[in-house]
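Asker: My questions are about this predicted structure, shown below with the sequence.
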Amino acid sequence: MAAKQSMIPIVSKAFCSSSEVVLFVRRRPRVVNGGGFVVTDCKQMAIFSVDGCGILGKKEELILRDAHGNPLLLMRRKGGIIEALSMTRQWKGYRNDFLGSQKLVFSLKEPNTSCLSKTNPIRISIESKDYCNNNGNFEIRGDFHDRDCSIVNSRGDAIAQIGVEEEVEQVMTGRDLYHVSIKPGIDQAFVFGVIAVLDYIYDGSTRC
């Protein structure tokens with residue numbers, strides 16, 4: 001059933017694979033404050049990259065790029081008085097359409113900092129009208145801070161699993177290098193757009 005759902009891409013069908021994919025996330029050198037991270041395959045070929053606030057010069061804003069450096073998603077945290085009074089903080093993910101206009105793809109809600117814990121799940125909603133699926137809601141289960149969590153759909157099926165190999169932990173911390181297993185057909189660009197936001201929330205390599 002998961003394969004059927006994944007037939008409809010969220011960002012682009014170009015980033016949907018017919019088989020399960022394992023990709024690796026490596027943060028940029030520490031000397032680049034808030035520089036973001038790079039996503040590679042098993043052959044260490046770059047697939048995506050994320051620019052953090054140290055590169056963009058803006059806090060609470062991130063850009064996901066493809067292997068050629070083309071922007072795919074802009075993630076921006078919603079601000080203003082309304083959010084300040086709200087119990088949740090919200091991020092929005094946008095992509096450019098063929099006319100160059102920004103189109104809202106997804107929104108991600110996190111609990112207020114004072115309430116942030118493993119018992120308060122982070123929820124993601126697909127906002128794009130191109131995603132013709134009534135079950136366009138996802139949730140983070142587990143602990144992203146320790147790189148041990150999953151992105152699950154509304155039926156509770158894991159579409160992506162984030163983890164760290166034991167041998168990697170002996171060489172560097174899981175926050176520097178970890179892997180992401182993505183189920184067949186799932187939009188990889190969407191997954192790493194979500195991961196970019198999680199990285200920022202948990203004081204990762206994207207944050208200044």
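Answerer: That came in fine, so what should we check first? Residues are numbered from 1 along each chain as shown.

Asker: Centre of the chain to stretch 141-161, how far?
Answerer: For stretch 141-161, the separation from the chain centroid amounts to 11 Å (computed by CA atoms, centre = their mean, to the nearest Å).

Asker: can you give me the end-to-end distance of that stretch?
Answerer: One end of stretch 141-161 to the other measures 10 Å (CA to CA, to the nearest Å).

Asker: number of nearby residues for residue 59?
Answerer: 13 (other CB atoms under 10 Å). C-beta coordinates here come from the backbone N, C-alpha and C atoms, glycine included.

Asker: quick one: pLDDT of the nearest residue to it once chain neighbours are set aside?
Answerer: Excluding the flanking residues, the one nearest residue 59 by CB to CB, 6 or more residues apart in numbering is residue 53, at 4.9 Å. At residue 53, the model reports a pLDDT of 92.

Asker: same check, this time on residue 154
Answerer: Residue 154 is assigned 89 on the pLDDT scale.

Asker: wait, it sits on residue 124?
Answerer: No: counting by CB atoms under 8 Å, residue 154 does not reach residue 124; the two are 10.5 Å apart.

Asker: residues in contact with the residue nearest to residue 59?
Answerer: 34, 59-62, 206-208 (CB atoms under 8 Å, 6 or more residues apart in numbering).

Asker: Could I get the phi/psi values of residue 195?
Answerer: Backbone geometry at residue 195, expressed as degrees, to the nearest 10, gives phi -60, psi -40.

Asker: more neighbours, residue 154 and residue 124?
Answerer: Ranked by neighbour count (other CB under 10 Å), residue 154 and residue 124 place residue 124 first, with 23 against 13.

Asker: Spell out the residue ranges of the strands in the protein.
Answerer: Counting by DSSP state E, the chain has strands at residues 21-27, 37-40, 46-51, 61-66, 71-77, 88-96, 102-111, 122-126, 137-143, 148-153, 158-163, 177-182.

Asker: Could you name the helices and strands sitting against the shortest one?
Answerer: When contacts are defined as 3 or more CB pairs under 8 Å, 6 or more residues apart in numbering; DSSP states H and E, strand 37-40 packs onto strand 21-27, strand 46-51, helix 188-201.

Asker: now with 7 Å?
Answerer: Judged by 3 or more CB pairs under 7 Å, 6 or more residues apart in numbering; DSSP states H and E, strand 37-40 is in contact with strand 21-27, strand 46-51.

Asker: again, but for the fourth one
Answerer: In terms of contacts (3+ CB pairs under 7 Å, 6+ apart), strand 61-66 is packed against strand 46-51, strand 71-77, helix 188-201.

Asker: any chance of the ones you listed in TSV, plus mean neighbour count?
Answerer: Shown next, in TSV, are the helices and strands packed on strand 61-66 (neighbours: other CB atoms under 10 Å):
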stretch	mean neighbour count
strand 46-51	22
strand 71-77	20
helix 188-201	26
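
Asker: Of all those, which one comes closest to residue 136?
Answerer: helix 188-201 (10.7 Å; CB to CB).

Asker: Show me the shaky parts of the chain.
Answerer: In the predicted model, the chain carries pLDDT under 70 at residues 1-8, 30-31, 79-88, 98-99, 111-119, 130-135, 166-175.

Asker: returning to that earlier point: redo the helices and strands packed on strand 37-40 as TSV? Include distance to residue 149.
Answerer: Below are the helices and strands packed on strand 37-40 laid out as TSV (distance: least, CB to CB, whole Å):
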stretch	distance to residue 149
strand 21-27	13
strand 46-51	18
